[in-house]
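Novice: make a model of this:
(chains A and B)
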Amino acid sequence: MINKDLGIDFLGVHFENPFCLSSSPVGNCYEMCAKAFDEGWGGVVFKTIGPEHFKVDEVSPRFDELTKEGTPFVGFKNMEQIAEHSLQENLDDLTHLKRDYPTKIVIASIMGTNEQDWVDLAKAVTDAGADMIEMNLSCPQMTSHEMGSDVGTNPELVKKYCAAVKRGSDLPMMAKMTPNITDMVPAAKAALAGGADGIATINTVKSISNLDLDKKVALPIVNGKGSISGFSGKAVKPIALRFIQQLRVAAGLEQLPISGIGGIETWEDAVEFILLGSTTLQVTTGVMQYGYRIVEDMKNGLMHYMEEQGVDHLADLVGLANKNVLPAEDLDRDYKVYPKIDWDKCIGCGRCFVSCFDGAHQAITWDEKTRRPSVDYSKCVGCQLCNLVCPVGAISTGKVEMKPGRQGNIEDVDIESVRLTH
Amino acid sequence: MTNDYTHEKSGYTMTTVAEEAARCLLCHDAPCSKACPADTDPAKFIRSVRFRNVKGAAETIRENNALGAICARVCPTEKYCELACSRSGIDVPIDIGGIQRYVTDFEQQADMKILEKAPANGLKIAIVGSGPAGLQSATTLLEKGYAVDIFEKNTKPGGYLTYGIPEYRLPQNIVDYEIKRITDLGANLHLNTAIGRDITMDQLKADYDSVILAVGASEAKMLPMFDGNAYTETAVDFLARVKDAQGQIDDVPENAVVIGGGDVAMDVATTLKRLGTKNVTDMAYEEFDEFRASKKELAGTREAGVTLVDGYVPTAIDGNQVTFKHRNIDAEMTIKADKIILAIGQAVNTDQLGITTEHGEVSFIGYRTEDPKVYVTGDIAHGDKTVVWAVRKGKEVAEEIDNALMGGNRK
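Specialist: Numbers count the residues shown, from 1 in each chain, chains lettered A, B, ... in the order given. Model prediction:
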C-alpha cells in the first residue's frame, strides 16, 4: 500500500492530511466527528455554532437532489440551518474532541447576529479548545437576514464582523464566503482587512432544484410551499473552482490561503482544488451520500498522484494551475483542431452525427448503409462536441490547422488532454 | 479456427467499468466481501473504482491475492461474492469478476509493483508444486521474510492454471505475468524437478525449515472399460495438449463425445467447439438440477452449441462406439465418435511424499501433517477445489508455518 505524507500547514496549523468535514449536518456532534477522525479525516469544521438567543427551528423534509439519467445526487439542495444543540453542548463537544483527538484539527464554525455575538462566540470556542475558527458569513438559508449569505455579500459587514472575531480570539481564522455574489474579491479583501487569516469557499449556491409539476411547488414541499435554498455537490464544483481561481489571481491575493469547498468527492476533485490554490479541503455532500469512508480513496488516490508527479510535499502542488487559466481574450485563437474517428472503435450509434447536426455546425455526415459517420472538414469548426458525446471514445483530437492568414507553428500547439484524447 | 480458442472476451473500458461500479450500492455491510473464500474485499475495490482510484483498487486486490488477475477470470463468482450481492434485489448482481479484471489489467498496464518482500528472517521453505496454492503460499511467505524454493515436476509452472484452463478463459500470458510477479518478489522456481526422482523428501526436510506439499490433483481418472481404447483421451491430457499448442493441434475430431458434468467437462466440450469439432455431445452422470459445473460454464457450453445430455452413464464401449444408460429411467443411447474424452475427475499422486490421502484429500482438517516439518495445502488439503480456495489455503498454510516457526517472535 502506498504511503506518502499528506501533511500540510494552513494558517499556521498542521493538518495530517488536507481533508476536513465542512460545517454541516455531517459534523453535528461529538460522535459524528469522532467517527470521521477514526476513518481518517484530518480535521472537522464543527457544524456552525450560533448564539444562545438564536433558536434553530428546522423544516421537514429539508433536502432535494438533482439527477441526470441514472445518476443520483448530481447536485444536492438543503434547507438545514446551523447547529440545533445548545451552545453549551456544542462547546463541550469541541472540548472533548480536542481532548480525545489531540493530533486532529478541530475548527469551530461560528455565526453571530451582531458584533457582540461574534466577539462572544469567538471567545467561547477559543476557551473550548478549538484550533481554528471559521466565520460562517454565507449560509443561504438562515431565517434571519442578520445572518448568513446576506451578510457575506456586504463587504462592510464582513470587515466589521471579522474584526469582532479577532477581538474575541487570537486563533487563526478563515472567513467562509458565499458564491451568491458576482465578484468574491471585494468580500474576501474586506475579510482580510478585518483580520481574517484566510478564506474558506464556497458555501452553497442559492437554488431551486426541482418543482413538483402537478402542485407547481419547489421541492422539497413544506406544507404546500417551497423555498430558495443552498445547492451543493458535484454540480457546483465548476462554480467553486471559478471563484477560487478569481481570488488567487486578484491583485494582492496571489498567496491567499484558501480552504476549498464545493463538490469534492474523489481524489481528482481534491487535486483540482489544490492545483487552483486550495491548501485544505472541505467535504459535505459526498459524505452525506456515501459516508465518511470516502476519505480513504481520496487520500490513497492523492498519494498515488503525488507519486506520479514526483512530489513529496503536498504544499508543492498548491496553486500550480492558476497561471494556466487566462482571460478568454488572451487565449490563442489562431488554429482549430479537427476530430479524428477511430473506425475500429466506432459502433455506429450516430450520436456524433445527431449532436453535430442539431447542436454544432453540421460537419458530420452519415452513411445509412454502413451506419458510420465521417467528418466534412469544409464545415468543421473544431469544437469537438462529437468527441464529447461519443459513448465509446472512438473520436479524439486529430489534425491541427492554422486558420487562414494566421502565423504560428502547429507543431508547438498544445491541445492534448486526458478527456479529449482518451 | 484457433482464433476462437485463443480469443479472450473483451473486458471493460474506463467508461464501462465506471458504469458498472456505479451500479454498486456500496452497501453498509458489504455481503460480497464476506462471501469471498480468499478474503478479497470487493466492496472496497469497487468503491475505489467508483471514486476513480484505480491504483488503490489494484492495491486492495493484489495485497490480498497473489493471483488476482487469474481469479478475476476463473472464479465462480456466482457461488460467492455475486451470490451475496445486494444489487440482486434490484436487477442483477454487480459483475465483480469483470471489475476485478479491469483493475488487474490496469495494474499490469501501469506495471505497478504492489507486493513487497519483507527483510529476510533467515528461514527457508520448500514448496512442492507450483499451482495456485503453492504460488500463493510462496507469496505470503516472501511477504513475511522467508526464502522460498518451489519445486515443479513439469516444464512450466502454474499447475492446472497453465495446463488445464483453456486459453480463451485464461490467457497464458496472464498466468505468466502473475508468476513473474512472484519470482520477481524472490521465489526460486525449480522446474522439471520431481520429488523422489530428482530430490527426496528427506533431502528437502534436511535443507529447509518447512516443506509444503501443494501437489494438486493432477492425474486423470480412467474408467476401466476405456483403458487402452484408441479413441479415448483424458480431459487432463487433452486440455494440456491443446493449451500447449495454443489450439494448433492436428487431430481435431469431426465428432466427439465428452463424458462428465463438471467444469472440466464443460471446458473440454467448449474447447472442442472452438477448435472446430462439428458435433460435440457431453454426456453427464448428474441430472441438470444436480450439476457440478458452474452456471456460467454450463451457459457458455450451451452457447457454444454443445449437445448436453444429463443422467447417463457409460455401460459399454466397442471401438469408437459408446453405449450409455440412463441412471433412473429405462433409456439407452449409443454414440459413435472420432474422439471420446473422459472428464470424470482427477486423482492425487503422493508417491514419494510420505503422506497418504483418501479420495484425493488428507484425512485431517488443517495443514500440518504428523511430521512437524511437513505441511499440505491446495487440493489435497480439506476444502473446495477452486482457484479461489487454493489462494485461501495458500495464505492459511503460510500463516500456520509462520506461527509455528516464529511463535511469539511476531507481534
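
Novice: so which bits of the stretch 51-200 of chain B are right by chain A?
Specialist: Those residues of the stretch 51-200 of chain B that sit near chain A, judged by C-beta under 8 Å from any C-beta of the partner chain, are B:51-53, B:55-56, B:59, B:63, B:114. All C-beta spots, glycine's among them, are computed from the backbone N, C-alpha and C.

Novice: at 6 Å what do you get?
Specialist: Proximity of the stretch 51-200 of chain B to chain A, by C-beta under 6 Å from any C-beta of the partner chain, involves residues B:51-53, B:55-56, B:59.

Novice: any low-confidence regions in chain B?
Specialist: Within chain B, the ranges that satisfy pLDDT under 70 run B:1-3, B:408-411.

Novice: pull up the residues of chain A that are close to chain B.
Specialist: Listed as neighbours of chain B in chain A under the rule C-beta under 6 Å from any C-beta: A:1, A:266-268, A:297, A:300-301, A:304.

Novice: just the residues you listed now: which is nearest B:Ala220?
Specialist: A:Met1 (42.2 Å; C-beta to C-beta).

Novice: between the residues of chain A next to chain B, which is nearest A:Thr48?
Specialist: Among those, and counting by C-beta to C-beta, the member closest to A:Thr48 is A:Thr266, at 26.1 Å.

Novice: so which strand or helix has A:Thr48?
Specialist: Assigned by DSSP states H and E, A:Thr48 falls within strand A:43-49.

Novice: sorry, back to before: now the residues of chain A next to chain B as JSON lines including pLDDT, secondary structure and neighbour count?
Specialist: Output for the residues of chain A next to chain B, formatted as JSON lines (pLDDT from 0 to 100; DSSP: H, G, I helix; E, B strand; the rest coil; neighbours: other C-beta atoms under 10 Å in any protein chain shown):
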{"residue": "A:Met1", "pLDDT": "90", "secondary structure": "coil", "neighbour count": "11"}
{"residue": "A:Thr266", "pLDDT": "98", "secondary structure": "coil", "neighbour count": "21"}
{"residue": "A:Trp267", "pLDDT": "98", "secondary structure": "helix", "neighbour count": "26"}
{"residue": "A:Glu268", "pLDDT": "98", "secondary structure": "helix", "neighbour count": "16"}
{"residue": "A:Asp297", "pLDDT": "98", "secondary structure": "helix", "neighbour count": "23"}
{"residue": "A:Asn300", "pLDDT": "98", "secondary structure": "helix", "neighbour count": "25"}
{"residue": "A:Gly301", "pLDDT": "98", "secondary structure": "helix", "neighbour count": "25"}
{"residue": "A:His304", "pLDDT": "98", "secondary structure": "helix", "neighbour count": "21"}
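
Novice: and those residues, which two are the farthest apart?
Specialist: Maximum pairwise distance among these (C-beta to C-beta): 19.6 Å, between A:Met1 and A:Glu268.

Novice: counting neighbours, what do you get for the residue of the stretch 201-350 of chain B found nearest chain A?
Specialist: As assessed by C-beta to the nearest C-beta, chain A sits closest to B:Glu303 within the stretch 201-350 of chain B, at 21.8 Å. Number of residues near B:Glu303 (other C-beta atoms under 10 Å in any protein chain shown) recorded here: 10.

Novice: what's the nearest residue to B:Gly305 if we skip its chain neighbours?
Specialist: The spatially closest residue to B:Gly305, leaving aside those adjacent along the chain, is B:Lys273, at 5.8 Å (C-beta to C-beta, 6 or more residues apart in numbering or on different chains).

Novice: what about the helices in the stretch 251-400 of chain A?
Specialist: With DSSP state H, counting those that start in this stretch as the criterion, the stretch 251-400 of chain A has helices at A:267-275, A:285-290, A:294-309, A:351-359, A:385-389.

Novice: turn the ones you listed into CSV, columns for distance to A:Lys369.
Specialist: Shown next, in CSV, are the helices of the stretch 251-400 of chain A (distance: least, C-beta to C-beta, whole Å):
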stretch, distance to A:Lys369
helix A:267-275, 42
helix A:285-290, 46
helix A:294-309, 46
helix A:351-359, 14
helix A:385-389, 20
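
Novice: of all these, which one is nearest A:Gly42?
Specialist: Comparison of the helices of the stretch 251-400 of chain A against A:Gly42 by C-beta to C-beta identifies helix A:294-309 as nearest, at 8.6 Å.

Novice: now do the buried residues in that closest one.
Specialist: Neighbour-count burial for helix A:294-309 flags A:294-306 (criterion: 16 or more other C-beta atoms under 10 Å in any protein chain shown).

Novice: check what contacts that helix and list those residues.
Specialist: By C-beta atoms under 6 Å, 6 or more residues apart in numbering or on different chains, the surrounding residues in contact with helix A:294-309 are A:2, A:4, A:17, A:19, A:39-41, A:267, A:270-271, A:286, B:48, B:51, B:53, B:55-56.

Novice: buried stuff in stretch A:140-156?
Specialist: Neighbour-count burial for stretch A:140-156, counted by 16+ other C-beta under 10 Å, picks out A:140-142, A:147-155.

Novice: quick check: mean pLDDT of it?
Specialist: In this model, stretch A:140-156 has an average pLDDT of 79.

Novice: equivalent analysis for stretch A:315-330, please.
Specialist: Taken as a whole, stretch A:315-330 has an average pLDDT of 97.

Novice: rewinding a little: CSV for the residues of the stretch 51-200 of chain B next to chain A, including distance to B:Ile195, neighbour count and secondary structure?
Specialist: Supplementary listing: these in CSV, determined by distance: C-beta to C-beta, whole Å; neighbours: other C-beta atoms under 10 Å in any protein chain shown; DSSP: H, G, I helix; E, B strand; the rest coil:
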residue, distance to B:Ile195, neighbour count, secondary structure
B:Phe51, 48, 27, coil
B:Arg52, 48, 20, coil
B:Asn53, 44, 27, coil
B:Lys55, 40, 23, helix
B:Gly56, 41, 26, helix
B:Glu59, 36, 22, helix
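
Novice: low-confidence regions, the stretch 301-422 of chain A specifically.
Specialist: Ranges of the stretch 301-422 of chain A meeting pLDDT under 70: A:422.

Novice: just the strands from it, written as ranges.
Specialist: A:335-341, A:364-367, A:372-375, A:395-402 (DSSP state E, counting those that start in this stretch).

Novice: about what we covered before: mind picking the two most distant members of the buried residues of stretch A:140-156?
Specialist: A:Gln141 and A:Pro155 (21.7 Å).

Novice: who touches the strand holding A:Thr48?
Specialist: Contacts for strand A:43-49 (C-beta under 6 Å, 6+ apart): A:15, A:20-23, A:27-28, A:33, A:36, A:82-83, A:90, A:105, A:107-111, A:134, A:136.

Novice: filter those down to the buried ones and hand me the ChimeraX line.
Specialist: Here is the ChimeraX command that selects the buried residues among those (16+ other C-beta under 10 Å):
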select /A:15,20,21,22,23,27,28,33,36,82,83,90,105,107,108,109,110,111,134,136
